[in-house]
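Colleague: No letters, just coordinates:
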């Protein structure tokens, strides 16, 4: 598996938009809102890489928590997982946490495009994101997932995640338990 983390790149933008369409086709709303929302924008017309890149900053400063937009306002770094020809996934590292981020988001968020699920890319992506978090002096990193997301729980645990706790929350119209893990970045 030859994949690497890079900053978002114009080279992979069309592949990124194809991944957005994959999410739309399975009616899956990734917690990283841009994957889903930009798929809808593309239907109404072309979106340029620069418009996307400028818009993503606003996207990541806000996150839906318990059905409300809340200002997160923390420095963050966005990465794309790519291979030689295509976009595979997106990851974000939040450099510090607010109370809302600690309760619901954690330091690291990630999503793999649906056609690449169950191929080991999520485990690899989190491993690479943890290395990047360590460079930012984040250790341990808080990583979260829905209790029902077995694949995400497994990949966090494969990367050394230790369950901190489970919090009841309400997201995307349903009540869930959010699993919060501490993961060593060294």
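Modeller: All right, it came through fine. Keep in mind it's a predicted model, so treat the numbers as computed, not measured.
Colleague: Next, the contact list for the residue nearest in space to the middle of the chain, please.
Modeller: Among the residues of the chain, the one closest to the centroid is residue 110, at 2.4 Å (CA atoms, centre = their mean). Residue 110 makes contact with 32, 89, 90, 91, 92, 122, 125, 126, 129, according to CB atoms under 8 Å, 6 or more residues apart in numbering. From N, CA and C alone the C-beta is placed, and that goes for glycine too.
Colleague: any idea how far residue 168 is from it?
Modeller: Distance, residue 110 to residue 168, by CB to CB, to the nearest Å: 23 Å.
Colleague: burial of residue 100, as a residue count?
Modeller: Residue 100 has 17 neighbours, counted by other CB atoms under 10 Å.
Colleague: isn't there a helix covering it?
Modeller: Yes - when DSSP: H, G, I helix; E, B strand; the rest coil is applied, residue 100 is found to be in a helix.
Colleague: Remind me what whatever helix or strand residue 142 lives in packs against, helices and strands.
Modeller: Here residue 142, judged by DSSP states H and E, is contained in strand 141-146. On a contact count with 3 or more CB pairs under 8 Å, 6 or more residues apart in numbering; DSSP states H and E, strand 141-146 meets strand 108-112, helix 121-135, helix 150-158, strand 174-183.
Colleague: Most tightly packed of these?
Modeller: Of all the helices and strands packed on strand 141-146, strand 108-112 has the most neighbours on average by mean count of other CB atoms under 10 Å, namely a mean of 24.
Colleague: May I have the residues that are in contact with residue 177?
Modeller: 146, 147, 166, 167, 168, 169.
Colleague: Read off the pLDDT value for the nearest residue to the last one once chain neighbours are set aside.
Modeller: By that I understand residue 169. Using CB to CB, 6 or more residues apart in numbering and skipping residues adjacent in sequence, the residue nearest residue 169 is residue 178, 5.1 Å away. At residue 178, the pLDDT value in this model is 93.
Colleague: what's the answer for residue 65, then?
Modeller: Note for residue 65: predicted pLDDT of 46.
Colleague: How about residue 165?
Modeller: Looking at residue 165, its pLDDT is 96.
Colleague: In three-state terms, label residue 97 for me.
Modeller: Recorded secondary structure, residue 97: coil (three-state DSSP).
Colleague: circling back to that earlier point, out of the contacts of residue 110, which is nearest to residue 116?
Modeller: Of all the contacts of residue 110, residue 116 sits closest to residue 89, with 6.9 Å by CB to CB.
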